[in-house]
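1. Next input, structure requested:
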Amino acid sequence: MVGSTHPLDALRDEHDRIFRVLTAMRAEAQSAVVHGRVDADFWSDALRFLAGYAAHWHDAREEAVFDLVAENDEIASTLRLLRAEHIQARGLVHELRVVVGARDARSIELAAHALAALLHRHILIEEELFQRVLRRQIPEARLGAAMRRAVSDEAECRARALEELAEHVIASVSPSRAC
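-> Just a heads-up that it's a prediction; the model follows:
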């Protein structure tokens, strides 16, 4: 179909959005350390995005794609690692929520850095997997159907709202603070 995109391109776009939010979070964390002020509204929005969008909606779609190749011995260990890292990232989001509540700027910076480092490496591995295995072995229609079945229409609507929230989070960090 002319103008259509591969279903895995949607996941790449989501990765880009997550990276942009993580960049904003790192900049905000650095600013909090330098200025000694934790912006609770920023962190509330950023963490709501990560918990609702990245950790639930996005990961559910990825997990559905992973299920399509779960029996592939060539990548079984990689899939186990990626699934474990989804859980680890949720733990780091929880840790960020705790240190933001304590308004501990240095701990926020450390947790934001740890989360960004984990997800950066994680996403690079996923995208390599997408290119090397999934695009080659799974038809587009099957990938798209699996991703659609993984989330409800209601979740899709929430994801669109969370994408708007992500843009707000990204825009709320001044260019002078961005890393």
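2. Pick out the residue closest to the middle of the protein.
-> Central residue check for the chain by CA atoms, centre = their mean: the C-alpha nearest the mean position is that of Ala54, 3.8 Å away.
3. who's in contact with that residue?
-> By CB atoms under 8 Å, 6 or more residues apart in numbering, Ala54 lies in contact with 14, 18, 89, 119. The C-beta positions use only the backbone N, C-alpha and C, and glycine is treated the same way.
4. tell me which element Ala70 is part of?
-> For Ala70, there is no helix or strand it lies in under DSSP states H and E.
5. Report the spatially nearest residue to it, omitting neighbours in sequence.
-> Using CB to CB, 6 or more residues apart in numbering and skipping residues adjacent in sequence, the residue nearest Ala70 is Leu79, 6.3 Å away.
6. One more: Phe130?
-> Counting by CB to CB, 6+ apart, Phe130 lies nearest to Leu8, which is 4.7 Å off, once chain neighbours are set aside.
7. which residues in the protein form helices?
-> Applying DSSP state H to the chain gives helices spanning 7-35, 40-49, 59-68, 76-101, 105-129, 135-137, 140-150, 153-172.
8. Can you check the pLDDT for the closest residue to Val93 other than its chain neighbours?
-> Closest residue in space to Val93, ignoring its immediate chain neighbours: Leu50 at 5.0 Å, by CB to CB, 6+ apart. Leu50 carries a pLDDT value of 96.
9. quick one: Leu50 and Val21 touch, right?
-> Yes: the pair Leu50 and Val21 qualifies as a contact (CB atoms under 8 Å) at a distance of 7.0 Å.
10. what's the overlap in contacts for the two?
-> With CB under 8 Å, 6+ apart, Leu50 and Val21 have no common neighbours.
11. sorry, back to before: residues in contact with the residue nearest to Val93?
-> Leu50 touches 18, 21, 93, 115, counting by CB under 8 Å, 6+ apart.
12. go again using 10 Å as the cut-off
-> 18, 21-22, 25, 56, 58, 89-90, 92-93, 96-97, 115, 119, 162, 166, 169 (CB atoms under 10 Å, 6 or more residues apart in numbering).
13. For Pro27, grab the count of nearby residues.
-> Small correction: residue 27 is Ala, not Pro. Using other CB atoms under 10 Å, Ala27 is surrounded by 19 other residues.
14. wait, it sits on Val173?
-> Yes: the pair Ala27 and Val173 passes the contact test of CB atoms under 10 Å, sitting 4.9 Å apart.
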